[in-house]
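S.K.: My questions are about this predicted structure, shown below with the sequence.
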Amino acid sequence: MKPSAKATDAVWAGEEELLLTGATTVPVSFGVAHGYPDVESWQAVALGHAPGYIYARNTNPTVEAFEQKLRVLEDAEDATSFATGMAAISNTLFALLAPGDRVVSVKDTYGGTSQIFLNTLPHWGVEVALCDTSDADAIEKAIGQGCALLYLETPTNPTLKVTPIERLAAAARRAGAIVAVDNTFATPMNQNPLALGADLVIHSATKYLGGHADAMGGALCGRRDLVRQVYHHREINGASLDAMSAYLLLRGMKTLGLRIERQNASALRIARWLEQHPRITQVNYPGLESHPQHAVAAEQMRGFGGVLSFALTDGMEGVKAVLPKLRLMHRAANLGAVETVGGPPATTSHVECTPEERAAMGIPEGLIRYSTGIEDADDLTADLQQALA
Ligand SMILES: *Cc1c(COP(=O)(O)O)cnc(C)c1O
C-alpha cells in the first residue's frame, strides 16, 4: 500500500461510530461506567455478545477509537491498548507465556523489555534465549531449539540494527511459535510486521503515534484470539489507557503520515551529511547503503524512520562538548516527537550498563541518539554543523 493511503487512514479510520452529533472529533469520554436499562441488554454487553461499554478499565469510547485507528493502520484483526508501551509488552509476555516455555529474542531490545527478559521471566520459570541482533542465522537456530514465542524489535535502539521479520517469522511458524514484533521505531507508516508473517505487533504510542511527547500509551494489534487473551489479562491487572491520553494520541495520529514523511526524509539527509563529517566515526541509519542490513531494511520497510545515531571521534568528552551547543535538540530520554530530541545512550536508554557492556552491544561512549523532529532539515544540519565545529 502507498504510504499516502495510510495517511488517509490515520486521519479517518476508527472514528465514525464515535463521532457525536456531527462532531469532527471524537469526544473525550471521562465516564468510568456505562449503564443499561435492563438486565438482558446489560448482560449481553458484559458477556461480549453485543457492542458497548461496561467499565473504563476494560475500554471506553475514546480509547476504542484509538484502538480501532491503529488496528486499521496495522491491517489487523483486532487491537487493544495499554497505559504505556511497557504495559503492552509486559502484558503480552505475561499473558501468553507459562513456566517451562522458551522465548527467543535479541540482545538489543528496548531497555525495559530487556529487563523483563533478563530478570522477570526467568524468575517465573520462563527460559529466555537472547541472540545477537544482527545474526539472523543464530536467531533461526535458537528458534529451532525450541520456541513458544519469538520476540523481535526492528530497527533497534540506539544502534538501529535490523532483523529480517519475514524469514524469522517463517522459522517461528515451523516451530509452532507465536511471533511478536515491537514496531515502535518504524511506525505503521514504514513497516507492517503482520504483513510479513508476525502474529502480533506492539507499539509504544508514547513515541511516534502520539508524536507530541505529551501522552503515554501502548497498543497490541494482530490475531484476534491472542489479542483477546492479552486484553483479558490487562483488564484484570489494570494497566489501561485513560481517555485523555487516548484523545491526545488520536489527535497526534491525524498527522502521522505528514510527520513520518518529513522525518524519514530529514533523517536520511542528516545521516548522509554526518557520514561525510570528519568528527564522526560511525553513523547508524538503516537508510544508508553503508548500514550492514540495508538490503533487509529496504525490503521490509517503506521508509527508514526518524531515528539515527552517530559516534564522535573523541568519545564522551566530545558528547559533553557538542550536546550543550545544539540549539535545535531537546536533550531528553525520549524520541518520536515533533521536536528533535536526543542524548547519549550512556545517560538514557543504557544508563544501567557499564561502559564495557555498552561496548559489547556496539554502543561507543561517544554515541548520540538523534530523533529527527519536523523542523526544516537545513536548519537541523546547520545546527549540527555549528555544534560540531
Ligand atoms: C519507549 C519504548 C518502549 C516503552 O514504551 P513506554 O511508552 O515508554 O512504556 C518500548 N519499545 C520501544 C522500542 C520504545 O522506544
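M.R.: Looks like it arrived, so ask away. Numbers count the residues shown, from 1 in each chain.

S.K.: got a list of contacts for stretch 39-47?
M.R.: 34-36, 50-54 (CB atoms under 8 Å, 6 or more residues apart in numbering). For the C-beta atoms, the positions are set from N, CA and C on the backbone; glycine is no exception.

S.K.: In ChimeraX, select just the buried ones from those.
M.R.: In ChimeraX syntax, the buried subset of those is picked out as below (16 or more other CB atoms under 10 Å):
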select :34,53,54
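
S.K.: Farthest-apart pair in the contacts of stretch 39-47, please.
M.R.: Farthest apart among these by CB to CB are Gly35 and Pro51. That separation is 15.4 Å.

S.K.: quick one: the strands in the chain?
M.R.: According to DSSP state E, the chain carries its strands in the segments 78-82, 102-106, 127-131, 149-153, 178-182, 200-204, 218-222, 280-284, 307-312, 330-331, 341-343, 367-371.

S.K.: now the ones you listed as CSV including mean neighbour count and distance to the ligand?
M.R.: Output for the strands of the chain, formatted as CSV (neighbours: other CB atoms under 10 Å; distance: least, CB to the nearest ligand atom, whole Å):
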stretch, mean neighbour count, distance to the ligand
strand 78-82, 26, 8
strand 102-106, 26, 12
strand 127-131, 19, 16
strand 149-153, 25, 6
strand 178-182, 26, 5
strand 200-204, 28, 3
strand 218-222, 29, 6
strand 280-284, 20, 15
strand 307-312, 26, 9
strand 330-331, 14, 15
strand 341-343, 24, 12
strand 367-371, 26, 10
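
S.K.: Now mean pLDDT too, for those strands, in a markdown table please.
M.R.: As requested, the strands of the chain are exported to a markdown table (pLDDT from 0 to 100):
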| stretch | mean pLDDT |
| --- | --- |
| strand 78-82 | 98 |
| strand 102-106 | 98 |
| strand 127-131 | 97 |
| strand 149-153 | 98 |
| strand 178-182 | 98 |
| strand 200-204 | 98 |
| strand 218-222 | 98 |
| strand 280-284 | 96 |
| strand 307-312 | 97 |
| strand 330-331 | 96 |
| strand 341-343 | 95 |
| strand 367-371 | 96 |
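
S.K.: Would you format these as CSV with distance to Thr25 included?
M.R.: What follows is the strands of the chain, written out as CSV (distance: least, CB to CB, whole Å):
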stretch, distance to Thr25
strand 78-82, 18
strand 102-106, 39
strand 127-131, 43
strand 149-153, 32
strand 178-182, 29
strand 200-204, 21
strand 218-222, 20
strand 280-284, 38
strand 307-312, 29
strand 330-331, 28
strand 341-343, 27
strand 367-371, 27
